[in-house]
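Participant: please find the sequence and the predicted model below.
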Amino acid sequence: MTTAPQHRIVLITGATKGIGLATAGELARAGHTVLIGARDPERGTAAAAGLTARGLDARPVHLDVTDPATAAAAAALITAEYGRLDILVNNAGVAPDWRRTPEELPVEAMREAYETNVFGVVTVTNAMLPLLRESPSGLIGNVSSGLGSLALLSDPDSPFWEHATLLAYNSSKAALNAVTLIYARALRDSGIKVSALEPGYCATDLNGHSGHSSAEEGGRRIARQLGEAATGPTGVFLHPEGGHHSW
Ligand SMILES: NC(=O)c1ccc[n+]([C@@H]2O[C@H](COP(=O)([O-])OP(=O)(O)OC[C@H]3O[C@@H](n4cnc5c(N)ncnc54)[C@H](OP(=O)(O)O)[C@@H]3O)[C@@H](O)[C@H]2O)c1
């Protein structure tokens, strides 16, 4: 097996800002081609331009994860331009219940979270699977959270306990964890690996910039975890400080 770094075609959903954009920068600096998934084409163009201005290989791809037509169009574009996809990072996410109690949360907000954090991942994954099957080593990294761990949500001594009341976000990430395991099982014989990743608590728009780490640190962790997921077993939930999360 060669130890030389290999050039990868990478698609990151929700890569216009925050951890997605930081991950894009990390992977592009490592020499990979990074496709900047963006629901707003103008924001996608601006994010990609910030990377190409530094000599990096990045291009915007219009992709609203809640819109299957944009996922199909993105897959058609990647097919035409590259013929394969090596790494899919399902990063796009929303937290409509940040700082709201379960009682205060309209059920529409919960649907919004599931549309993006769960159904969006399924939509994009299914659209990209034919391209991932063309890769010699397809990899799907689902950006989850310790807040989706049932083990941690049920542990009063867990560092996540303070935020364990987020009904929409936490339950959608728990569902995403189950989705991750189901795809890992279903794709086990295909050679495509599927794992859940965790960037750590980062200051981004998603949480009103309350996180302890920067988005850049989160991006470095996701990039490192993608490397671990590529070489390790499928169907794991990686911890930001190394090792594995409890499901
Ligand atoms: N921040 C943390 O502490 C933390 C911890 C654990 C896990 N995470 C996870 O990390 C991921 C990134 O979060 P972040 O903190 O970087 O949040 P963020 O700064 O708010 O970025 C979220 C990204 O998702 C995009 N997005 C939202 N809905 C979308 C849709 N329907 N289609 C396509 N893109 C969409 C946003 O695009 P626009 O620019 O168009 O809004 C943006 O690019 C999320 O999955 C989040 O759950 C974050």
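Facilitator: Perfect, thanks for sending it. Not measured: the values here are computed from a predicted model.
Participant: what's the neighbour count on Pro106?
Facilitator: Per other CB atoms under 10 Å, the neighbour tally for Pro106 reads 12. The way it works is simple: take the backbone N, C-alpha and C, and place the C-beta from them, glycine included.
Participant: ok, Leu181 next?
Facilitator: Residue neighbour count, defined by other CB under 10 Å, stands at 18 for Leu181.
Participant: now Val34, what are its backbone angles?
Facilitator: As for Val34, its main-chain torsions (degrees, to the nearest 10) stand at phi -120, psi 120.
Participant: partner strands of the helix or strand where Ile36 lies, with direction?
Facilitator: Here Ile36 is covered by strand 33-38, with elements defined by DSSP states H and E. Applying DSSP bridges, strand 33-38 is found paired with strand 9-12 (parallel), strand 58-62 (parallel).
Participant: so who does Lys17 touch?
Facilitator: Contact analysis of Lys17 by CB atoms under 8 Å, 6 or more residues apart in numbering lists 43, 47, 204-205, 215.
Participant: please list only the buried members of these.
Facilitator: For the contacts of Lys17, a burial check counting by 16 or more other CB atoms under 10 Å picks out 43, 47, 204, 215.
Participant: on that earlier part again, so which of the contacts of Lys17 are in helices?
Facilitator: The members of the contacts of Lys17 that map onto helices under DSSP state H are 43, 47, 215.
Participant: pick out the residue nearest the middle of the chain.
Facilitator: For the chain, Asn91 is the residue whose C-alpha lies nearest the centre (CA atoms, centre = their mean; 2.4 Å).
Participant: that residue contacts Ile12, doesn't it?
Facilitator: Yes - shown here, Asn91 and Ile12 form a contact pair, counting by CB atoms under 8 Å, at 5.4 Å.
Participant: and for those two, which residues touch both?
Facilitator: 20, 23, 37.
Participant: who's in contact with the last one?
Facilitator: In this case it means Gly37. Contacts here follow CB under 8 Å, 6+ apart; on that basis Gly37 touches 11-15, 20, 44, 61, 63, 65, 74, 91-92, 124.
Participant: cutoff 10 Å now
Facilitator: With contacts defined as CB atoms under 10 Å, 6 or more residues apart in numbering, the neighbours of Gly37 are 11-16, 20, 24, 44, 47, 60-65, 70-71, 74, 88-92, 124.
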